[in-house]
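J.: Whatever this is, show me its structure:
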Amino acid sequence: MYKFKAIDRASVLIPAVPVLVGAILARLVFSGCSDPGSSPLDRRGRSSGWSEITLPNVSQDEAYAASRYAMGQWFRIVTEDPIRGYLESAYEEGTQRGGTGRMRDAAVNYPNRVRRRAMMRVEPRGSGCSVQCRVAVQRLDTADHRVFRQNDQFGDVPNQTPIDRDAGTTAQQNQVWTDLPRETSREREILALVRERVSNGGTTEP
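T.: Below is the predicted model:
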């Protein structure tokens, strides 16, 4: 008659716990290019939109001049269209630690290369006009993008063409930028300066 030996579940499961925990932590750290806890739609929602103020009894020309002045205090303007009431700045690049929504950045305070660009719209509204401001922020993710693209390739045979290895494009063309939430604090600062400018008749007190 066969006898079955009872299996101690604890002796089987406990040694496997460190392995499972390590695998979970590694996935969270090295897959940090995505925004955990939020869907792509949620990320688009936070990166889209405009901050806005209304200026009663202010002409579009006055508001546009004030907007041009205010944007120029933080950004270099490259596009001006007074007819459409539109302003756009060049990208301003820098570094930022944390604040990207990635667990990797929150854990190690990793310095990310980011760039910012400001856009403003001045539109008639009733007896005055409205001024809208948007400061878009993007993070450089080229390295992470290449890692995931290579992981999508099946097989270990190095059969990629030079174009597949980015040899047919410039480094700038190969850059991959990911949208981050807008810099709403800077938007409010710009719009506050616009309001102050028009309140003082086109001049700003020192």
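
J.: List the strands paired with the longest strand along the chain, with their directions.
T.: With secondary structure taken from DSSP state E, the chain has its longest strand at strand 111-125. The sheet places strand 111-125 alongside strand 86-89 (antiparallel), strand 92-97 (antiparallel), strand 128-140 (antiparallel), with pairing taken from DSSP bridges.

J.: Mind putting those strands into JSON lines with distance to residue 67 and mean neighbour count?
T.: Where you see a C-beta, it was placed from the backbone N, CA and C, and this is true even at glycine. What follows is the strands paired with strand 111-125, written out as JSON lines (distance: least, Cβ to Cβ, whole Å; neighbours: other Cβ atoms under 10 Å):
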{"stretch": "strand 86-89", "distance to residue 67": "6", "mean neighbour count": "20"}
{"stretch": "strand 92-97", "distance to residue 67": "18", "mean neighbour count": "12"}
{"stretch": "strand 128-140", "distance to residue 67": "6", "mean neighbour count": "21"}
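
J.: Need those strands in a markdown table (columns: mean pLDDT).
T.: Putting those into a markdown table (pLDDT from 0 to 100) gives the following:
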| stretch | mean pLDDT |
| --- | --- |
| strand 86-89 | 98 |
| strand 92-97 | 85 |
| strand 128-140 | 95 |
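
J.: Show me the shaky parts of this structure.
T.: Regions of the chain meeting the criterion pLDDT under 70 cover residues 1-47, 98-110, 142-173, 202-206.

J.: Kindly export stretch 116-134 (C-alpha atoms) in CSV.
T.: Included here for stretch 116-134 are C-alpha records, laid out as CSV according to Å, rounded to 0.1, in the frame of the first residue of the first chain:
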residue,chain,number,x,y,z
ARG,A,116,9.1,73.4,-23.0
ARG,A,117,7.2,75.5,-25.5
ALA,A,118,4.7,78.3,-25.0
MET,A,119,1.7,79.1,-27.2
MET,A,120,-0.8,82.0,-26.8
ARG,A,121,-4.1,82.9,-28.4
VAL,A,122,-5.9,86.2,-28.3
GLU,A,123,-9.5,86.2,-29.4
PRO,A,124,-12.3,88.8,-29.3
ARG,A,125,-15.0,88.2,-26.7
GLY,A,126,-17.9,90.5,-26.2
SER,A,127,-16.6,94.1,-25.5
GLY,A,128,-13.1,92.8,-24.7
CYS,A,129,-11.1,89.7,-25.5
SER,A,130,-9.8,86.5,-24.1
VAL,A,131,-6.2,85.4,-23.8
GLN,A,132,-5.3,81.7,-23.6
CYS,A,133,-1.9,80.3,-22.7
ARG,A,134,-0.4,76.9,-23.0
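
J.: which of the residues in the longest strand of the chain are buried?
T.: Of the residues in strand 111-125, those buried by neighbour count under the rule 16 or more other Cβ atoms under 10 Å are 112, 114, 115, 116, 117, 118, 119, 120, 121, 122, 125.

J.: And these, which is closest to residue 72?
T.: Distance from residue 72 was checked for each of the buried residues of strand 111-125 by Cβ to Cβ. The minimum falls on residue 118, at 9.8 Å.
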